[in-house]
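In: coords please:
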Amino acid sequence: MGVELLSPAGNLEKLRLAFAYGADAAYLGLSDFSLRSNAKNFTTDDLEQVRVLKAESGKRLYCTLNMLFDEANLAALKEQLPVIKTWPFDAYIISDIGLVPLLQDAFGPSVELHLSTQASCTNSSSASMYHKMGFRRVILGRETPLQDIRRIKDANPDLELEVFVHGAMCMAYSGRCLLSSHLAGRSANQGDCSHTCRWNYQLLASGELALEEEQRKGVYYPVIEQDGYTTILSSKDLCMIDHLKELVDAGVDSLKIEGRMKSSYYVAVVTRAYRKALDALATGDERWRTFRQDLFDISHREYSTGFFFGHGPVDPTMGQGIDKSTEQGYLRDYLFCGFIGEQVEPGVFALELKNQIRKDMTIEYISSAVHRIEDNGFCLLDEQFQPIEQADHGKVQYLKTDKSIQTGYIIRRETVVK
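Out: Numbering: from 1, shown residues only. I've put the predicted structure just below:
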């Protein structure tokens, strides 16, 4: 097997898109037991569709059970194991090693286990220990530099290594953070992070320095300042699309995209870009760079290469992480509008909209193979197939076009309407 591209699936729609746009595997959470409790996650109502989708695609599916379990959650998990067993999972992602015997007893001694990045495995000795415990794969801590990844693989050639290559990063050590619990009463380690590090703060200098959060007027957090500087909380996003060869050469077996709470459009576009870039390693096809640009058109924070090339996404003149912030700030150049639905007659398609489109706009269609098709001559039709000025979410409406498009294509438009 070649290097795996692993994409997030926060719901059924995102799972379909992850597979359609090039992922070899997807990871998802069941309600209550993953670190993305605010993602829709999956319930037994989705089970049959997931089974069909997995069977038709022939791709792999991983279940995230990577929260830190207290006694109540552990008891709930034990009750749910017979239900979880009915899902077509190929592996289980866990951080609590107490689950190893639990899952082996429930699913058999050969159950495939992947160690979550939450376990902070960053060296060859730890990786070897986890391998002996029964883990087939280790998802390395985001703090692991590229040179250490090589050493870990050299010392453990039969152990699969997975790394995050794109998406949000946590300021805490592999997500072990208590900021959300302390300031918002929501546990990040049980899937309920309030993203406190990304709140908007105002620095107040009346007497001692303090932070006041935008939505919590009158509540002050002391700031310890040294030499005129204070701590910056919100991290940049990770983007390793220009360095996949280095990762593959270091022995990485799986490249993981973060984002179960991101939009369906995000999952599709990011998966497609990394699929094209990964395939280009074998073919030498430089056309992947066209798709790379989409990473800078979607909503994102400033990009960096994280800790792969040093000790963090800082000024490259310091010889550490390579900062790509000059390419794009925290902007969203395109708005996800929805999907092309069923074709009802030649050139006329049902619309499945998430955001409004108007006939005076220029829209674009994209698919797993088609980079973009621009359209400024389409017509919008109502339920009776009469012309209308705009189409909105939640209504029966149609689009008429002379462009060569198909059911399932994504519709988007620039945020600055032209």
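
In: Name all residues that make contact with His371.
Out: Thr290, Phe291 (C-beta atoms under 8 Å, 6 or more residues apart in numbering). Every C-beta, even on glycine, is put in place using the N, C-alpha and C of the backbone.

In: Just say helix, strand or coil for it.
Out: coil (DSSP: H, G, I helix; E, B strand; the rest coil).

In: and the gap between it and Val269?
Out: As judged by C-beta to C-beta, to the nearest Å, His371 and Val269 stand 10 Å apart.

In: Need phi/psi at the closest residue to Phe385 other than its chain neighbours.
Out: Counting by C-beta to C-beta, 6 or more residues apart in numbering, Tyr398 is the residue found nearest to Phe385 once chain neighbours are left out, at 6.5 Å. Dihedral pair for Tyr398: phi -130, psi 160, per degrees, to the nearest 10.

In: list the contacts for Tyr398?
Out: Contacts for Tyr398 (C-beta under 8 Å, 6+ apart) come out as Val344, Val348, Phe349, Ala350, Leu351, Leu380, Leu381, Asp382, Phe385.

In: got it, and Glu160?
Out: Counting by C-beta under 8 Å, 6+ apart, Glu160 has contacts His114, Arg136, Arg137, Val138, Asp253, Ser254.

In: Apply 7 Å and report the result again.
Out: The contact partners of Glu160, by C-beta atoms under 7 Å, 6 or more residues apart in numbering, come to Arg136, Arg137, Asp253, Ser254.

In: Now the second one: which helix or strand?
Out: Taking DSSP states H and E as the criterion, the element that holds Arg137 is strand 135-139.

In: Residues contacting that strand, please?
Out: Contact with strand 135-139 is made by 112-117, 121, 127, 130, 159-162, 256, as judged by C-beta under 7 Å, 6+ apart.

In: Just the mean pLDDT for the very next helix or strand once past that strand, thanks.
Out: Counting by DSSP H and E, the next helix or strand C-terminal to strand 135-139 is helix 146-155. For helix 146-155, mean pLDDT is 98.

In: Show me what helix 146-155 packs onto, helices and strands only.
Out: Judged by 3 or more C-beta pairs under 7 Å, 6 or more residues apart in numbering; DSSP states H and E, the packing partners of helix 146-155 are helix 124-133, strand 160-168.

In: how about 8 Å then?
Out: Contacts defined by 3 or more C-beta pairs under 8 Å, 6 or more residues apart in numbering; DSSP states H and E place helix 146-155 against helix 124-133, strand 160-168, helix 244-249.

In: quick one, what contacts Leu115?
Out: Here Leu115 is in contact with Ile93, Ile94, Ser95, Cys121, Tyr130, Phe135, Arg137, Val138, Ile139 (criterion: C-beta under 8 Å, 6+ apart).

In: and with 6 Å instead?
Out: Leu115 sits next to Cys121, Tyr130, Phe135, Val138 when contact means C-beta atoms under 6 Å, 6 or more residues apart in numbering.

In: need the next SSE after the helix or strand where Asp105 lies, C-terminal direction.
Out: Asp105 is part of helix 99-107, with elements assigned from DSSP H and E. Going down the chain from helix 99-107, the next helix or strand is strand 113-115, by DSSP H and E.

In: Note down every partner strand of that next one and its orientation.
Out: Within its sheet, strand 113-115 is paired with strand 91-94 (parallel), strand 135-139 (parallel), according to DSSP bridges.

In: could those go into CSV alongside mean neighbour count?
Out: CSV is the format used below for the strands paired with strand 113-115 (neighbours: other C-beta atoms under 10 Å):
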stretch, mean neighbour count
strand 91-94, 22
strand 135-139, 23
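
In: Any chance of TSV for the ones you listed, columns mean pLDDT and distance to Pro101?
Out: Below are the strands paired with strand 113-115 laid out as TSV (pLDDT from 0 to 100; distance: least, C-beta to C-beta, whole Å):
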stretch	mean pLDDT	distance to Pro101
strand 91-94	98	11
strand 135-139	99	13
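
In: In CSV: those strands, plus distance to Asn355.
Out: Converted to CSV, the strands paired with strand 113-115 look like this (distance: least, C-beta to C-beta, whole Å):
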stretch, distance to Asn355
strand 91-94, 33
strand 135-139, 34
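
In: quick one, which of those strands is nearest to Asp392?
Out: strand 91-94 (38.7 Å; C-beta to C-beta).

In: and the strand ranked longest in the chain, average pLDDT?
Out: Longest strand in the chain, counting residues (DSSP state E): strand 334-345. What strand 334-345 shows for mean pLDDT is 96.

In: Not counting that strand itself, show me its contacts.
Out: Applying C-beta under 6 Å, 6+ apart, the contact partners of strand 334-345 are 263, 265, 297, 349-355, 357, 405, 407, 409, 411-415.

In: Just the CA trace of the next helix or strand after it, in CSV.
Out: Counting by DSSP H and E, the next helix or strand C-terminal to strand 334-345 is strand 348-353. Provided in CSV are the C-alpha atoms of strand 348-353 (Å, rounded to 0.1, in the frame of the first residue of the first chain):
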residue,chain,number,x,y,z
VAL,A,348,-31.4,21.8,-15.9
PHE,A,349,-30.4,20.7,-12.4
ALA,A,350,-32.0,20.7,-9.0
LEU,A,351,-30.2,22.9,-6.4
GLU,A,352,-29.1,21.9,-3.0
LEU,A,353,-28.1,25.2,-1.5
